[in-house]
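1. Below is the sequence, then the predicted model.
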Amino acid sequence: MSSLRNRYSWGGFELGPSQRHTLKTAIDCVGRGLHSGVEARLRLVPAPAGSGIVFHRTDLDQRIPACYDHVSDTRLCTVVSLPGHPEISVGTIEHLMAALMANQIDDLTIEVNGPELPILDGSASPYIFLIQSAGIAEHGGDRNFIEVLRPVRVENDEAFAEFRPHGAGAYGALGLDLSLAIDFPSSAIGRQAFSISLTPESFARDLASARTFTLACEIEALKKAGLAKGGSLANAIVVEGTKVVNPEGLRWQDEFVRHKLLDVVGDLALAGAPLVGRFIGNRTGHALNNRLLHALFADAANYRVTGTAFAGTPLQLQAAAATL
């Protein structure tokens with residue numbers, strides 16, 4: 001694990017990956033939810049070392065740990081809620097969670113006054129801007145890492161998501177390598193694939209600006225289902241047949257798979273600690289990503305928690321954070 005302890009430079013800060021991180025100061029923004037259409041005020045607040053990442057619904061004065069076992073809905077976004085209380089929830093969390101994971105933010109209170117985080121421009125780039133504007137700080141305590149020890153796979157027809165252990169000496173700066181392929185019938189998307197070794201720099205450069213997308217033929221059905229009420233060309237790519245409707249076009253020709261991989265990073269951030277291993281996926285989505293975490297933690301032989309900050313399982317780590 002020694003390679004995980006190398007220091008790196010990011011945004012003018014020298015940070016040690018073995019140390020826990022939070023933000024230097026609180027920062028906030030306002031925006032509409034993609035599915036609810038409701039304006040929400042979001043505030044990112046530094047939290048004590050060891051507290052983990054917790055959502056605080058300020059309108060309800062309720063706190064929800066950012067944990068994979070609190071995921072209650074995966075229709076087109078990831079929603080976490082308190083067990084037995086689906087009304088106490090926060091949705092569309094994956095873009096912010098991806099930005100926090102990539103920037104190694106371990107402890108944070110995410111305050112929001114409604115049921116959904118702002119979609120902003122449909123990517124994680126605005127959240128990167130908030131994080132870097134607030135600044136990142138080491139604040140005591142060692143990080144834990146969840147190391148994948150053997151292959152774990154979940155499937156749904158042709159779609160699959162899989163964890164594999166790293167080979168000896170193959171660790172990246174964050175210890176997580178990801179590869180994803182997608183395949184859509186629309187010729188504007190088609191089959192695309194992308195791979196990345198996750199670091200703050202690679203995430204900001206290759207994934208953060210990739211926007212969410214939808215097919216024009218699905219928009220009416222989404223709205224009838226009570227979804228996409230806040231969607232627009234300002235926060236989503238719309239594809240119609242062979243054409244991208246957005247007048248500015250794409251940020252990358254393969255922006256679609258990059259965004260899907262961004263979603264994977266956000267969903268895996270709900271593991272409770274940084275993952276060390278390899279992720280391989282094909283046509284995966286929020287539901288399958290969450291099932292993969294459940295499968296990983298279903299058998300203690302699949303993983304081990306390393307580091308000195310907490311001696312226990314990921315679920316115990318998350319439960320401890322929920323009591324703070």
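-> Yep, it's here.
2. Residue 130: which element?
-> Assigned by DSSP states H and E, residue 130 belongs to helix 125-134.
3. State the distance from the closest residue to residue 119 other than its chain neighbours to residue 211.
-> In space, and not counting its chain neighbours, residue 119 is closest to residue 34: 3.8 Å by CB to CB, 6 or more residues apart in numbering. Glycine gets a C-beta too; all of them are placed from N, C-alpha and C. With distances taken as CB to CB, to the nearest Å, residue 34 is found 11 Å from residue 211.
4. Need the residues touching each of these two.
-> When contacts are counted by CB atoms under 8 Å, 6 or more residues apart in numbering, residue 34 and residue 211 have 122, 235-236 as shared neighbours.
5. Go ahead and confirm the residue nearest to residue 119 touches residue 122.
-> Yes: between residue 34 and residue 122 there is a contact at 7.5 Å, judged by CB atoms under 8 Å.
6. Overlap of the contact sets of the two?
-> Common neighbours of residue 34 and residue 122, counting by CB under 8 Å, 6+ apart, are 212, 235-236.
7. Next, work out how far apart the closest residue in space to residue 276 that isn't next to it in sequence and residue 198 are.
-> Excluding its sequence neighbours, the residue lying closest to residue 276 (CB to CB, 6+ apart) is residue 175, at 3.5 Å. To residue 198, residue 175 is 8 Å away according to CB to CB.
8. Likewise for residue 267?
-> 13 Å.
9. Those two: which is more packed in?
-> Counted by other CB atoms under 10 Å, residue 267 and residue 198 do not tie: residue 267 has more neighbours, with 28 against 25.
10. Tell me which of residue 34 and residue 211 has more neighbours.
-> Taking other CB under 10 Å, residue 34 and residue 211 do not tie; residue 34 has more neighbours (27 against 24).
11. Retrieve the pLDDT associated with that one.
-> pLDDT, residue 34: 94.
12. likewise residue 76?
-> pLDDT, read off for residue 76, is 88.
13. Ok, residue 318 next?
-> Reported pLDDT for residue 318: 48.
14. Kindly check the end-to-end length of stretch 66-78 for me.
-> Start and end residues of stretch 66-78 are separated by 11 Å (CA to CA, to the nearest Å).
15. And for that stretch, what's in contact with it?
-> Surrounding stretch 66-78, the residues in contact under the criterion CB under 8 Å, 6+ apart are 34-35, 52-55, 64, 79-83, 86, 89, 91-94, 97, 110, 222, 227-228, 263, 266-267, 269-272, 285-287, 290, 293-294, 297, 315, 318, 322.
16. Quick one: distance of that stretch to the chain centre.
-> How far stretch 66-78 lies from its chain's middle: 11 Å, per CA atoms, centre = their mean, to the nearest Å.
17. The longest helix seen in the chain vs helix 125-134, what angle?
-> Longest helix in the chain, counting residues (DSSP state H): helix 255-268. Compare the direction of helix 255-268 with that of helix 125-134 by axes from the mean of the first three to the mean of the last three CA atoms, to 10 degrees and you get 60 degrees.
18. related to what we said a few turns ago, for the residue nearest to residue 119, I want the exact helix or strand it lies within.
-> Counting by DSSP H and E, residue 34 is held by no secondary-structure element, helix or strand.
19. repeat for residue 138
-> Assigned by DSSP H and E, residue 138 belongs to strand 136-142.
20. Past that strand, which element shows up next along the chain?
-> Beyond strand 136-142 toward the C-terminal end (DSSP H and E), the next one is strand 145-148.
21. Can you tell me what sits against that next one?
-> With contact meaning CB under 8 Å, 6+ apart, strand 145-148 is reached by 1, 4, 163-166, 175, 271-278, 296, 302-307, 314.
22. need the next SSE after it, C-terminal direction.
-> Under the assignment DSSP H and E, the closest C-terminal helix or strand after strand 145-148 is strand 152-156.
23. other SSEs contacting that next one?
-> Using 3 or more CB pairs under 8 Å, 6 or more residues apart in numbering; DSSP states H and E as the contact test, the elements touching strand 152-156 are strand 159-164, helix 286-297.
24. Mind putting the ones you listed into CSV with mean neighbour count?
-> Below are the helices and strands packed on strand 152-156 laid out as CSV (neighbours: other CB atoms under 10 Å):
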stretch, mean neighbour count
strand 159-164, 20
helix 286-297, 20
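25. would a markdown table of the ones you listed with distance to residue 207 and mean pLDDT be doable?
-> Formatted as a markdown table, these follow (distance: least, CB to CB, whole Å; pLDDT from 0 to 100):
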| stretch | distance to residue 207 | mean pLDDT |
| --- | --- | --- |
| strand 159-164 | 17 | 98 |
| helix 286-297 | 15 | 98 |
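26. What segments of the stretch 1-150 of the chain are strands?
-> In the stretch 1-150 of the chain, strands defined by DSSP state E, counting those that start in this stretch lie at 8-10, 13-15, 19-23, 27-32, 39-46, 53-57, 62-65, 71-73, 79-82, 85-90, 108-112, 136-142, 145-148, listed in chain order.
27. So residue 243 versus residue 249, what's the distance?
-> Computed as CB to CB, the residue 243 to residue 249 distance reads 10 Å.
28. Tell me which residue is most central in the protein.
-> Nearest to the centroid of the C-alpha atoms of the chain, with distances taken as CA atoms, centre = their mean, sits residue 266, at 1.0 Å.
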